[in-house]
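*Asks:* the sequence and its predicted three-dimensional model are supplied below.
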Amino acid sequence: MATDFAARAAELREQLHYHIYRYNVLGSPVITDIEYDKLYNELKAIEAEHPELITPDSPTQRAGSDLSEDFPKVRHAAPILSLNNAFSEEDLRAWEERNLRLLPAGTQLSYTLEPKLDGLTIVITYENGVLVQAATRGNGELGDDVTANVKTIRNIPLRIPVNRDGPKAPERLVVRGEVLFHKKDFKALNEKQAEAGLPLYVNARNTASGTLKQKDSRITAARPLTAYIYQIVAAEGAVWDNQWDILNYLRDSGFQVAPHSQLYPTLSDIIQQLPTWESRKNQLDFEIDGVVLKVNDLRIASELGYVGKDPRGAIAYKFPAEEMTTKLTGVTINIGRTGKVTPTAQLTPVFIGGVTVVSASLHNYDQIARLDIRLGDTVIIKRSGEVIPYVIGPVIGARDGSETPILPPETCPFSGDAIVQLEGMVDYICPNPLCPERIFRSIEFFVSRGAMDIEGMGPQTVKTLIDKGYIQDEGDIFYLQRDLLLELEKFADKKVDNLLASIEAAKGRPLPQLLASLGIDGVGGVVATLIADRFGSIEAIMNATTEQIDDIEGIGPVLAQSVVDWFADVHHRRVLDKMRGAGVNMQAEARVAAGDSLNGLVFVITGTLPTLSRDQAGDLIESHGGKVTGSVSKKTSYVLMGESPGSKADKARELRVPIISESDLIQMIGGSISPA
Ligand code: IVH
């Protein structure tokens, strides 16, 4: 038997060496990362059972490292270990049985179950409660000192305990966690990129890694990273008996601990939870690639010891693959309401994570060129959560020479106009605002639920109305005639009445909603509210200069220019005229002042407040005559501070600006939360 393992290990080593060479030297892998991991893990599993088969040249003996020359090095207080993987219930049972064999007969093992966060490891040191150092994993012994960058991550406390009544910090505490982008933050980051005409980030984990390794920590600060802490690497002056206590201690100190972490009395209880985790995965706002099981009793975990760099007392259970390879058979083109050309990959159907995928996003032509994706390529497709499946890249080693480059179209398939690429921009566009597809997409957007929300006007109805010549732009919607609508197929009295009623209701939508529905590049709900608040009416916005718009906090010059350009367009002005003529609301509601007790005072808000959201607190301050700004300066009257405050709290202390709580604020305005 042992000789079989020896032969298989040798075979695996040889295969892995070949794939490592293809990937790292030739840059043309012939298998996916997941297939690679499978081979690697099989070798690791054999070596775990038969340590005598480990050879010095085994790929498992190559210490992983993410060290970079840009940062000073830090020696970790204890080795930053890795985890062995399990892929099935049987793997987990075998893991427990192996462990039980090493322990006194009759030992009962309970476990914590935690999400396996798909980010990168961070190791943070606190001295007497103050964050003094943060480092990447590096090679497990030495890491990159990224303290300045880590300090910009808002949910990492700079001082513990965050609450005065929290547990006293030990003299020295080294914690470990994972840094990542929340899905919504990553999406917002990409929206900003798109707005600035810059390439989109494809992979959240790589982007998080790049963000953490910025030489200029201002860049890190501008990108909303989050950290979850799950382990104590070293502590002086404190001991814990089990992992569950550690998670509670971390939470009580003010660290963010991954939600749904749980303690279970037996492995069977955990196995029962696995299907719940697989379906929960897509609902979480962060990426996970599995769950981690940890022996709860830390004395037992340490008795179990290690295999190589992996502790026996913990294991990662990985979810089934979400990446597959298939053939790229064609590319179709969509034209969006702003004219943007989006290429979509047509695929030989492939089953990924329970769904048959036939098409996938190719993002843009810049990305296609950068990744050298060609028609006819075997491509790697990733499907994860609710995001549209996308092409990760080609399997270059699988080419036979028949593949052809993918180029942007020369003309718009809908209007026939020449496709152009604006200077400095990634996207190609159909420049004709009267392109039928652009018009369809912009009306479709205008009436949609997130925009003017005209019920009964789905994409099919929009198409019919355009085809019949009833509408040519958004303004025409408000002039639709009952008798003409009744002539349409399947449009009976009731349906027409409902549609006309929802059009009537849409005339009264608040100004920010109208503004956000017009399809102005970069103007969503938040920006629209800022602009509407400042100018008060469509007329005033139409006459605003780039400088005036750029002056609004939260709006930059690119966005300001996009707004000015949109309103300068004659076609757009004509549409707005039609709407005005039909009685569509174009004025902001007057803000009702609730009081003037905060007149002349300037506030900065930081951290999470106990009851109010930041927006609500801001509104409350403004409705009582105060002003809210983004950064602390000598002009700041008060810093309103909640839980897990950012660097603004430090700045306030430095400048001796008084810090107040939510209840202080409420007292200042006369004692009641609800605005008068
Ligand atoms: S425990 C010795 N817990 O997964 C303990 N790791 O594949 C090792 N990871 O390098 C870490 N979530 O970066 C632990 N809840 C969690 C985790 C977690 C993500 C990462 C960690 C580790 C990698 C191993």
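*Replies:* Great, that's in hand.
*Asks:* which ones are touching the closest residue to the ligand within the stretch 551-676 of the chain?
*Replies:* Here the stretch 551-676 of the chain gets closest to the ligand at one residue, residue 644, 19.9 Å apart by CB to the nearest ligand atom. For the C-beta atoms, the positions are set from N, CA and C on the backbone; glycine is no exception. Taking CB atoms under 8 Å, 6 or more residues apart in numbering, we find residue 644 in contact with 154, 155, 157, 162, 254, 256, 607, 608.
*Asks:* most neighbours of all the residues you listed, which one?
*Replies:* Within the contacts of residue 644, most neighbours by other CB atoms under 10 Å means residue 157, with 23 neighbours.
*Asks:* please report how far that residue lies from residue 134.
*Replies:* Counting by CB to CB, to the nearest Å, the gap from residue 157 to residue 134 is 12 Å.
*Asks:* residue numbers of the stretch 51-200 of the chain in contact with the ligand?
*Replies:* 81, 82, 83, 114, 116, 117, 121, 178 (CB under 6 Å from any ligand atom).
*Asks:* show me what residue 113 is bridged to.
*Replies:* residue 262, residue 293 (DSSP bridges).
*Asks:* check contacts around it.
*Replies:* Applying CB under 8 Å, 6+ apart, we find residue 113 in contact with 261, 262, 263, 264, 270, 273, 277, 291, 292, 293.
*Asks:* all the strands of the stretch 1-150 of the chain, residue numbers only.
*Replies:* 73-75, 84-86, 111-117, 120-127, 130-136, 142-144 (DSSP state E, counting those that start in this stretch).
*Asks:* output the fourth one as PDB, restricted to C-alpha atoms.
*Replies:* Output for strand 120-127, consisting of C-alpha atoms alone and laid out as PDB, is shown next (Å, rounded to 0.1, in the frame of the first residue of the first chain):
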ATOM      1  CA  LEU A 120      -5.900  38.200   2.700                       C
ATOM      2  CA  THR A 121      -4.300  37.600   6.100                       C
ATOM      3  CA  ILE A 122      -3.400  40.500   8.300                       C
ATOM      4  CA  VAL A 123      -1.500  40.400  11.600                       C
ATOM      5  CA  ILE A 124      -2.000  43.300  13.900                       C
ATOM      6  CA  THR A 125      -0.100  44.000  17.100                       C
ATOM      7  CA  TYR A 126      -1.500  46.100  20.100                       C
ATOM      8  CA  GLU A 127       0.700  47.300  22.900                       C
END
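*Asks:* list the buried residues in it.
*Replies:* By neighbour count on 16 or more other CB atoms under 10 Å, the buried set for strand 120-127 is 120, 121, 122, 123, 124, 125, 126.
*Asks:* that one to strand 130-136, inter-axis angle?
*Replies:* Angle between the axes of strand 120-127 and strand 130-136 is 150 degrees (criterion: axes from the mean of the first three to the mean of the last three CA atoms, to 10 degrees).
*Asks:* strands paired with strand 120-127, and their directions?
*Replies:* strand 130-136 (antiparallel), strand 172-181 (antiparallel).
*Asks:* again with the last one
*Replies:* As defined by DSSP bridges, the strand partners of strand 142-144 come to strand 73-75 (antiparallel).
*Asks:* which element is residue 344 on?
*Replies:* Under the criterion of DSSP states H and E, residue 344 resides in strand 341-352.
*Asks:* show me what that strand is packed against.
*Replies:* strand 323-335, strand 355-361, helix 365-371, strand 378-382 (3 or more CB pairs under 8 Å, 6 or more residues apart in numbering; DSSP states H and E).
*Asks:* closest to the ligand out of the contacts of residue 113?
*Replies:* Nearest to the ligand among these: residue 292, at 4.2 Å, using CB to the nearest ligand atom.
*Asks:* surely that closest one and residue 313 touch.
*Replies:* No: under the criterion of CB atoms under 8 Å, residue 292 makes no contact with residue 313, lying 11.1 Å away.
*Asks:* touching both of these two, which residues are there?
*Replies:* Common neighbours of residue 292 and residue 313, counting by CB under 8 Å, 6+ apart, are absent.
*Asks:* for residue 43, see how far away residue 89 is.
*Replies:* Counting by CB to CB - residue 89 and residue 43 are separated by 22 Å.
*Asks:* these two: which has the busier surroundings?
*Replies:* Taking other CB under 10 Å, residue 89 and residue 43 do not tie; residue 43 has more neighbours (23 against 14).
*Asks:* what is the neighbour count of the nearest residue to the more buried one once chain neighbours are set aside?
*Replies:* Excluding its sequence neighbours, the residue lying closest to residue 43 (CB to CB, 6 or more residues apart in numbering) is residue 12, at 4.2 Å. Neighbour count for residue 12, taken as other CB under 10 Å: 21.
*Asks:* contacts only, for residue 12.
*Replies:* 39, 42, 43, 46.
*Asks:* so which of the contacts of residue 644 is the closest to residue 547?
*Replies:* Taking CB to CB as the measure, residue 154 is the one of the contacts of residue 644 closest to residue 547, at 31.3 Å.
*Asks:* surely the closest one meets residue 646?
*Replies:* Yes: at 4.6 Å, residue 154 counts as touching residue 646 under the criterion of CB under 8 Å.
*Asks:* on that earlier part again, list just the nearest of the buried residues of strand 120-127 to the ligand.
*Replies:* residue 121 (3.9 Å).
*Asks:* residue contacts, the closest one?
*Replies:* Residues near residue 121 by CB under 8 Å, 6+ apart: 80, 136, 137, 176, 177, 178, 179.
*Asks:* 7 Å - rerun?
*Replies:* 80, 136, 137, 176, 178 (CB atoms under 7 Å, 6 or more residues apart in numbering).
*Asks:* ok, and the most crowded of the residues you listed?
*Replies:* residue 136 (27 neighbours).
*Asks:* apart from its chain neighbours, what residue comes closest to residue 547?
*Replies:* Once flanking residues are discounted, residue 547 sits nearest to residue 560: 7.7 Å by CB to CB, 6+ apart.
*Asks:* per-residue confidence for the one you found?
*Replies:* According to the prediction, residue 560 has pLDDT 91.
*Asks:* isn't it right up against residue 550?
*Replies:* Yes: under the criterion of CB atoms under 7 Å, residue 560 makes contact with residue 550 at 3.9 Å.
*Asks:* need the three-state assignment for residue 291.
*Replies:* Put simply, residue 291 is strand when judged by DSSP: H, G, I helix; E, B strand; the rest coil.
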